[in-house]
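>>> everything below, folded, please.
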Amino acid sequence: MNTHTIATKYWHTLDAKQGEVPRVQCDLCPRFCKLKEGQHGLCFVRANEGGKIVSTTYGLSSGFCVDPIEKKPLNHFLPGTPILSFGTAGCNLACKFCQNWDISKSREIYTLADEASPQKIARVAKALNCRSVAYTYNDPVVFHEYAIDVALACRELGIKSVAVTAGYVCPEPRKEFYAVMDAANVDLKGFTNDFYRHLTGGDLQPVLDTLMYLRHETQVWFELTTLLIPGHNDSDEEIQNMTRWVVKELGPDVPMHFTAFHPDWKMQDVPPTPPATLTRARKIAMDNGVRYAYTGNVHDKSGESTYCHHCGQRLIGRDWYELSEWNLDASGCCHKCGTALAGIFEPKPGTWGARRQPVRLAAM
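Coordinates of the predicted model:
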């Protein structure tokens, strides 16, 4: 093993016929990859070495950057504050529309990697005045052990942890993972199993299970993002079904972000999402009882801003990632009518703005 390969615990050995070398099954996510000695899972970063599943990217990152929290996107968690973002390589889904395919599908682990211990990441976040750290760019499910250790190190320094994930994970590791997370943005990529099967290589139900778990069994603040792809998941019927399910099963206070697709990876023949599609989806969501629905990846001041669900007052104005208006009192309630805004807020908003600041941890 190299210094970045560590043992994992979510796997078991499969029965084998006499004379056969047993395979092992990875039990981290619902793919349940069954691997021979030396084989890697679909995620590429977990493998069978010595009859055990190991993680091969512990302590390695595809890069670090300080972003606005709104870029994750999270609109109801410490607005205006900077967040230190990082990811590794690999992914446990196979989305044909992946917008970060150069990272999530990378096989050049060691050429794109920036080394950092969990403790160093926490110290750097603190030194840069980041209120939180984001596990993003690729799905933190595949760097489960590393993400948990970083989150624990951050917690010791008062730094929050944010998972940006597709929610495709098994129940036992899910429980361990979210025990150390403070917030999450979960990709609800569509609302039919056909969409998940054909365009992501996964299934819808495990994602819904994760959302139900977050809502009913944790204190993690979470928001949802759906990338609307023309002709694939943008019909009125699908958006109606999705938003009704969210209100019924998760409640009206879970924010939903509808974002614009641009041609990428294996779907370069599909046109970009028209802004009108996002506006339509936002209206459907709000008509169905979603209190906080947003548009993303387009310039839309109205669709980016937060409004009081009781009196309609604009509470947080946004212009791209810049906060342009703040009408919350110190306790996170509407200045006009006193209704509480769902989320995690501080008495005053952050002032980070839209800046994006790459960070080289080796130099710090």
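>>> any idea of the mean pLDDT for stretch 285-294?
Averaged across stretch 285-294, the pLDDT comes to 98.
>>> next one: it to chain centre, how far?
21 Å (Cα atoms, centre = their mean, to the nearest Å).
>>> between the two ends of that stretch, how far is it?
9 Å (Cα to Cα, to the nearest Å).
>>> now that stretch: buried residues?
A285, M286, N288, V290, R291, Y292, A293, Y294 (16 or more other Cβ atoms under 10 Å). C-beta: built from backbone N, CA, C; applies to glycine.
>>> okay, and the fifth one sits in which element?
I take that to be R291. Using DSSP states H and E, R291 falls within no helix or strand.
>>> can you check the second one too?
Secondary structure here is read from DSSP H and E; on that basis M286 sits in helix 275-287.
>>> give me the sheet partners of the next helix or strand after that helix and which way each runs.
Remark: after helix 275-287, the chain's next helix or strand is strand 293-296, criterion DSSP H and E. Strand 293-296 sits in its sheet next to strand 256-260 (parallel), going by DSSP bridges.
>>> ok, now how distant is the closest residue to H310 other than its chain neighbours from P118?
Counting by Cβ to Cβ, 6 or more residues apart in numbering, H310 lies nearest to T339, which is 4.0 Å off, once chain neighbours are set aside. Going from T339 to P118 by Cβ to Cβ, to the nearest Å gives 40 Å.
>>> where does the stretch 51-200 of the chain dip in pLDDT?
For the stretch 51-200 of the chain, applying pLDDT under 70 flags the ranges 100-113.
>>> just the strands in it please.
Shown for the stretch 51-200 of the chain, the strands assigned by DSSP state E, counting those that start in this stretch span residues 52-55, 60-61, 63-68, 82-87, 114-115, 132-135, 160-165, 183-187.
>>> C-alpha coordinates for stretch 63-72, PDB please?
C-alpha atoms of stretch 63-72 as PDB (Å, rounded to 0.1, in the frame of the first residue of the first chain):
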ATOM      1  CA  GLY A  63      -7.400  21.300  -5.300                       C
ATOM      2  CA  PHE A  64      -8.600  23.900  -2.800                       C
ATOM      3  CA  CYS A  65     -10.500  27.100  -3.300                       C
ATOM      4  CA  VAL A  66     -12.400  29.700  -1.100                       C
ATOM      5  CA  ASP A  67     -15.900  30.200  -2.500                       C
ATOM      6  CA  PRO A  68     -19.000  32.000  -1.500                       C
ATOM      7  CA  ILE A  69     -21.300  29.600   0.400                       C
ATOM      8  CA  GLU A  70     -24.000  30.500  -2.100                       C
ATOM      9  CA  LYS A  71     -22.100  28.700  -4.800                       C
ATOM     10  CA  LYS A  72     -22.600  25.200  -3.300                       C
END
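>>> contacting residues around W326?
By Cβ atoms under 8 Å, 6 or more residues apart in numbering, the contact set of W326 is L315, I316, G317, K348, P349.
>>> which strand residues bridge the third one?
Spelled out, it's G317. If you apply DSSP bridges, the partners that G317 bridges to are E325.
>>> ok, it - how many residues close by?
17 (other Cβ atoms under 10 Å).
>>> thought I284 was touching D236?
Yes: in this structure I284 lies within contact range of D236 using Cβ atoms under 8 Å: 6.7 Å.
>>> buried set for the strand ranked longest in the chain?
Ranked by residue count under DSSP state E, the longest strand found in the chain is strand 221-228. Within strand 221-228, the residues scored as buried using 16+ other Cβ under 10 Å are W221, F222, E223, L224, T225, T226, L227, L228.
>>> tell me which residue lies nearest the centroid of the protein.
Nearest to the geometric centre of the chain sits V164, at 1.6 Å (Cα atoms, centre = their mean).
>>> re the thing from before, more crowded one of I284 and D236?
Each of I284 and D236 has its neighbours counted (other Cβ under 10 Å); I284 has more, 19 against 10.
>>> which of T339 and P118 has more residues huddled nearby?
Neighbour totals were compared for T339 and P118, and P118 leads with 21 against 14 (other Cβ under 10 Å).
>>> returning to what we had before: biggest separation within the buried residues of stretch 285-294, which pair?
Pairwise distances across the buried residues of stretch 285-294 peak at 15.0 Å for N288 and Y294 (criterion: Cβ to Cβ).
>>> CA atoms of the longest strand of the chain as PDB?
Coordinates of the C-alpha atoms in strand 221-228 are reproduced here as PDB (Å, rounded to 0.1, in the frame of the first residue of the first chain):
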ATOM      1  CA  TRP A 221     -29.500  21.700   7.400                       C
ATOM      2  CA  PHE A 222     -30.000  20.700   3.800                       C
ATOM      3  CA  GLU A 223     -31.100  22.100   0.500                       C
ATOM      4  CA  LEU A 224     -31.800  20.400  -2.900                       C
ATOM      5  CA  THR A 225     -30.500  21.000  -6.400                       C
ATOM      6  CA  THR A 226     -31.900  19.800  -9.600                       C
ATOM      7  CA  LEU A 227     -30.100  20.400 -12.900                       C
ATOM      8  CA  LEU A 228     -32.900  20.700 -15.400                       C
END
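>>> contacts for the next helix or strand after that strand next, please.
Counting by DSSP H and E, the next helix or strand C-terminal to strand 221-228 is helix 236-245. Outside of helix 236-245, the residues within contact range by Cβ under 8 Å, 6+ apart are 188, 190-192, 208, 226, 256, 280-281, 284-285, 288-290, 293.
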